[in-house]
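Undergrad: here are the coordinates; sequence isn't available:
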C-alpha cells in the first residue's frame, strides 16, 4: 500500500460530503468512491502544479510554457504518479545526472494556473 492510498481518511470525505446536507444518507461504498476520486484529483493537481512550478523556475513564460496536454510529461486522471503526496518533484538520479530534475516548491499561484483545466478534465 503506497502513501497515496492513505492520502485521505474516509471520515474526512464523509464530513465533506455531508457538509451542506448533514441529514443525507451515504453508504460506505459511496464514501469510498468519493474518497478515491478526491485522491486522484489531489495527485493530479500536485503533479500539474509541480510541472507549472518547474517551468516557472526554468524561466519560461507565455502560452507554450506549461506543456499543456503534457505529452510524455503527464498522466491522465485515472493514473497515479506513484510519488508521495509532498509538494516537490525529485528524481532518483544523482544531482549531477543530466536528466535529474530540480526540486521545486508548489505555491498557490501554480494551483490557480492549473485549476480550470484540471476541473474540465475531471468533468
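TA: The structure has been received and is ready for your questions. As the structure is a computational prediction, the values presented were derived from the model and not from experiment.
Undergrad: which stretches of the protein have low pLDDT?
TA: Segments of the chain classed as low confidence (criterion: pLDDT under 70) are 1-5, 60-102.
Undergrad: so where do the helices sit in the chain?
TA: With DSSP state H applied, the chain shows helices at 10-18, 28-57, 108-121, listed in chain order.
Undergrad: outside of the first one, which residues touch it?
TA: Read that as helix 10-18. 24, 26, 28, 30, 31, 32, 34, 35, 38 (CB atoms under 8 Å, 6 or more residues apart in numbering). Glycine gets a C-beta too; all of them are placed from N, C-alpha and C.
Undergrad: out of these, who's nearest residue 52?
TA: Within the set of the contacts of helix 10-18, residue 38 lies nearest residue 52; the separation is 20.7 Å, counting by CB to CB.
Undergrad: just to revisit the earlier point, of all the contacts of helix 10-18, which comes closest to residue 113?
TA: When these are compared for distance to residue 113, the smallest value, 20.6 Å, is given by residue 38; criterion: CB to CB.
Undergrad: ok so, going back, output the helices of the chain as TSV; include the columns mean neighbour count.
TA: Output for those, formatted as TSV (neighbours: other CB atoms under 10 Å):
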stretch	mean neighbour count
helix 10-18	14
helix 28-57	18
helix 108-121	14
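Undergrad: picking up where we left off before, now the contacts of helix 10-18 as CSV including distance to residue 112?
TA: What follows is the contacts of helix 10-18, written out as CSV (distance: CB to CB, whole Å):
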residue, distance to residue 112
24, 31
26, 30
28, 34
30, 30
31, 29
32, 30
34, 24
35, 25
38, 19
